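Peer 1: Structure of the sequence below:
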Amino acid sequence: MSAHADNAFDQWYMLAMSDELAPRQARRYQLLGLPVVLWRGEHEARAWLDQCPHRGAALSLGAVSGESLACPYHGWQFDAAGRCRHYPAHPGREPSEQARVRTFHCLEQDGCLWVCPGTPRRPPPRLPEVGDPAYRSLLVCETTVAANAYRVIENFLDMAHFGFVHPGTLGAGDDGEIAAYRLETHDDGFIARDCRVIQRQGNLQAQGPSEVLYDYALIALTSAVLHKKGADGARASDVIRLFVVPLDEERSQLRMHLSYDYAEAVSEADVIAFNRSILQEDVPILESQRPVRLPLHTALEVSQPADLSSIQYRRHLKRLQIGYGVC
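Peer 2: Got it, this is the predicted structure:
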């Protein structure tokens, strides 16, 4: 199904980190099968379809000057609103009103560049720990997987796989029971609260197996955040965000972003290596799942009680009438 005719088109996606895009730079990305150019003038970032309306050249190959972007093929110059203002081949001619680039909604906040190709219902989510002096925030991993974006989010929300996919860290040997947890739903998703698991090493501060308390939150269609706490429920020591970009219906770009409060105790390199190794353990499983696209019909897959978050996620997709990337 084309994203153009689907409600997936009207959602926010965290397409890039702010520091990926320097002033006077244009870069090519992909979202929902669409080529996207992210470009920045002196300050503001913008997202357009990466296709010149003249002869279809990639605008990401063009040059940024002030607050305009020029096509690399014939030099047509487009202003910040996407309208052509200059034909180099006809300098005295007023460009046609139809000489416009298809523009997308783009909002930069909390170190992230959020893009919506269609019509968003509300602003993208905030990341309150970013900029909080109690935490250090950094990108710990970025990778492309041959897996459906919704499957990736479900895996992030799932706890029952810990002992099998991550036995040396998030798992706890034979103690793999998943206790009941509760869900709070809201318009943009849900929060799974009181998720308790035993882990061998939940983070680099852990001194052996211990009970860990999780809160999972779906904050956008393909973005989720995990607050990892001690068993006493105190504030999170780790806030792990997974931003998934659906490149198309069966491939995804993943970025794992972390805020953590123990920066003085461990090196940044060790934090990155620890979290990256856990994510890499998920990749073979994600790429093995069939059908690749997420089944929304209950008869296609059998669930268990520990799948409550996954079940709620599928209900959320159904409520939004998402057809892109599902079967």
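Peer 1: Can you report how many residues neighbour the residue nearest to residue 29 when sequence neighbours are not counted?
Peer 2: Sequence neighbours aside, residue 36 is the residue nearest to residue 29 in space, at 4.6 Å (criterion: CB to CB, 6 or more residues apart in numbering). Where C-beta positions appear, they are placed from N, C-alpha and C, glycine not excepted. Close neighbours of residue 36, defined as other CB atoms under 10 Å, add up to 25.
Peer 1: number of nearby residues for residue 210?
Peer 2: As a measure of burial, residue 210 has 15 neighbours, counting by other CB under 10 Å.
Peer 1: Next, work out how far apart it and residue 228 are.
Peer 2: Note on residue 210: its distance to residue 228, by CB to CB, to the nearest Å, is 11 Å.
Peer 1: any low-confidence regions in this structure?
Peer 2: Along the chain, the parts satisfying pLDDT under 70 run over 1-5, 173-175, 202, 206-207, 231.
Peer 1: what about the helices in it?
Peer 2: Along the chain, the segments classed as helices by DSSP state H run 149-157, 162-165, 268-288, 308-319.
Peer 1: Mean neighbour count and distance to residue 109 for those - can I get that in a markdown table?
Peer 2: Supplementary listing: the helices of the chain in a markdown table, determined by neighbours: other CB atoms under 10 Å; distance: least, CB to CB, whole Å:
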| stretch | mean neighbour count | distance to residue 109 |
| --- | --- | --- |
| helix 149-157 | 24 | 21 |
| helix 162-165 | 18 | 32 |
| helix 268-288 | 15 | 23 |
| helix 308-319 | 18 | 23 |
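Peer 1: With distance to residue 111 as new columns, can the ones you listed be given to me in JSON lines?
Peer 2: Output for the helices of the chain, formatted as JSON lines (distance: least, CB to CB, whole Å):
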{"stretch": "helix 149-157", "distance to residue 111": "20"}
{"stretch": "helix 162-165", "distance to residue 111": "29"}
{"stretch": "helix 268-288", "distance to residue 111": "16"}
{"stretch": "helix 308-319", "distance to residue 111": "26"}
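Peer 1: how does this structure divide into domains?
Peer 2: Taking automatic domain parsing as the criterion, the chain consists of the domains 3-116, 136-319.
Peer 1: out of those, nearest to residue 326?
Peer 2: domain 136-319 (4.9 Å; CB to CB).
Peer 1: Between the two ends of the closest one, how far is it?
Peer 2: From the first residue to the last, domain 136-319 extends over 36 Å; the measure is CA to CA, to the nearest Å.
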